[in-house]
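Visitor: model the structure of this input:
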Amino acid sequence: MAIFKKGDNWYIDYYVKGKRKRKKVSSSKKLAEQVLMDVHVKIAKEEYLGVYSDRKIVFEDFTKEYLDYSRANKEPSSYKRDCLSISTMKKTFEGHFLFEITPQMIEKYKAERLKSVSPATVNRELSCLKHMYTKAVEWKVVTASPLKGVKLFKEPPGRLRYLSAQDVEILLKACSNHLKPIVVMALNTGMRKSEILNLKWSQVDLKNRKLSVIKTKNNEVRVIPINETLSKELHILSKNVKSQFVFSDEFGTPFGDIKKGFAAALRRAKIEDFRFHDLRHTFGSHMVMSGVDLRTVQQIMGHKDIKMTMRYSHLSPEYVQDAISRLDSVWTLFGHQTKSENLKPRTTH
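Guide: Alright, predicted model coming up:
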């Protein structure tokens, strides 16, 4: 490390991880020496103590780095959600260095957003921001996250709208020819819309009656059995395959979305307040009401957390009764201890 003069200005000359750096400081030699000393201390802290200083990078610039990470490591739906969240947050935090954003600023953002959107929406945005700062700390862009003490809003229980068997029959009759097999698959597998529309014939094993749902982020595979109802629909479709995708138009192009067609079917069936995702809830609800245990439902539906599946438990009084009844077998093992004649009062001395 050294200082040198060029013209009327003093420069500092130093190395960072083997790379030479030269920067102009000022016309003051004393100031140049002080700046060089500060640089030396900063480099020493980072190299030998692992102590890093906050980098001067503004919010909107770092979000580009984070979204690159999100695109490469998250599900397409999660990446899309991150893009929407960051687009909204930019309006508040744009122009600020990452290290300048404080918990107070985030609390103010929470309060303002709550005036126009639901607590759940605000929580999704804060979760995105929290993970972004986690990465910023991991990548040594900032030394700490301002979200450490920021709490999410309490959310009401998740929506659980499902159709009765009679309504299912009415809906299927109202579906167009291309929509009906898609709805049948949703009702008989609990698959998400994106999983259904992206399903390929290579994932369908009609002989052994099973589907393989591949999670794009980590290539995890979820195997779902094919029942007789779905098997009939798939055999019909397999006779006229025009694409690698199970559901495609007459030209072999996979359906991009079915929102309009599904909405039209709902109108014809006179079913209100119902979304395509509610077909997944219909599947889960009827599985539980049919007596299928919650762990099996969790496995088939691909819930990471059993809490997601537990929302259906109230639909099965038998499930709770069965859980309590299992104690009978335990007490039977110790029946000789529970007989009234063995329940003698304890004597004290």
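Visitor: can you tell me the SS state at the spatially most central residue of the chain?
Guide: For the chain, Ser78 is the residue whose C-alpha lies nearest the centre (Cα atoms, centre = their mean; 5.8 Å). Here Ser78 is helix, with the state taken from DSSP: H, G, I helix; E, B strand; the rest coil.
Visitor: again, but for the one 5 residues further on
Guide: Here Cys83 takes the helix state, with states given by three-state DSSP.
Visitor: once you drop chain neighbours, what's closest to it?
Guide: Leaving aside its chain neighbours, Cys83 sits nearest to Leu67 (6.4 Å; criterion: Cβ to Cβ, 6 or more residues apart in numbering). All C-beta atoms are positioned from the backbone trio N, CA, C, and that covers glycine.
Visitor: go on, Met310?
Guide: That would be Leu294: by Cβ to Cβ, 6+ apart, it lies 6.7 Å from Met310.
Visitor: now swap in Tyr15 and tell me
Guide: Lys21 (6.9 Å).
Visitor: residues contacting that neighbour?
Guide: 12-15 (Cβ atoms under 8 Å, 6 or more residues apart in numbering).
Visitor: do the same with Met191
Guide: Per Cβ under 8 Å, 6+ apart, neighbours of Met191: 185, 199, 211, 213, 224, 280.
Visitor: looking at those, which one is closest to His96?
Guide: Here the nearest of the contacts of Met191 to His96, counting by Cβ to Cβ, is Arg280; it sits at 40.0 Å.
Visitor: that closest one: neighbouring residues, count only.
Guide: Per other Cβ atoms under 10 Å, the neighbour tally for Arg280 reads 21.
Visitor: and if you look at the one 3 residues further on?
Guide: Residues lying near Phe283 (other Cβ under 10 Å) number 22.
Visitor: what segments of the stretch 201-349 of the chain are strands?
Guide: Secondary structure of the stretch 201-349 of the chain (DSSP state E, counting those that start in this stretch): strands at 204-205, 210-214, 221-225.
Visitor: which neighbouring elements make contact with the second one?
Guide: Read it as strand 210-214. Where contact means 3 or more Cβ pairs under 8 Å, 6 or more residues apart in numbering; DSSP states H and E, strand 210-214 is packed against strand 204-205, strand 221-225.
Visitor: can you rerun that using 7 Å?
Guide: Here strand 210-214 touches strand 221-225, going by 3 or more Cβ pairs under 7 Å, 6 or more residues apart in numbering; DSSP states H and E.
Visitor: can you check the last one too?
Guide: For strand 221-225, the helices and strands in contact under the criterion 3+ Cβ pairs under 7 Å, 6+ apart are strand 210-214.
Visitor: picking that back up, any figure for the gap between the residue nearest to the centre of the chain and Ala72?
Guide: Plainly put, Ser78 is 12 Å away from Ala72 if you go by Cβ to Cβ, to the nearest Å.
Visitor: same question for Glu169.
Guide: Distance of Glu169 to Ala72, computed by Cβ to Cβ: 44 Å.
Visitor: looking at those two, which has the bigger crowd around it?
Guide: Glu169 (12 against 9).
Visitor: so that one is in which element?
Guide: If you go by DSSP states H and E, Glu169 is part of helix 165-174.
Visitor: rounded mean pLDDT for the helix ranked longest in the chain, please.
Guide: Taking DSSP state H as the criterion, the chain has its longest helix at helix 119-138. Average pLDDT, helix 119-138: 95.
Visitor: output the contacting helices and strands for that helix.
Guide: If you count contacts as 3+ Cβ pairs under 7 Å, 6+ apart, helix 119-138 packs onto helix 59-73, helix 76-93, helix 103-113.
Visitor: okay, now the residue nearest to Met310: neighbour count?
Guide: Residues near Leu294, counting by other Cβ under 10 Å: 18.
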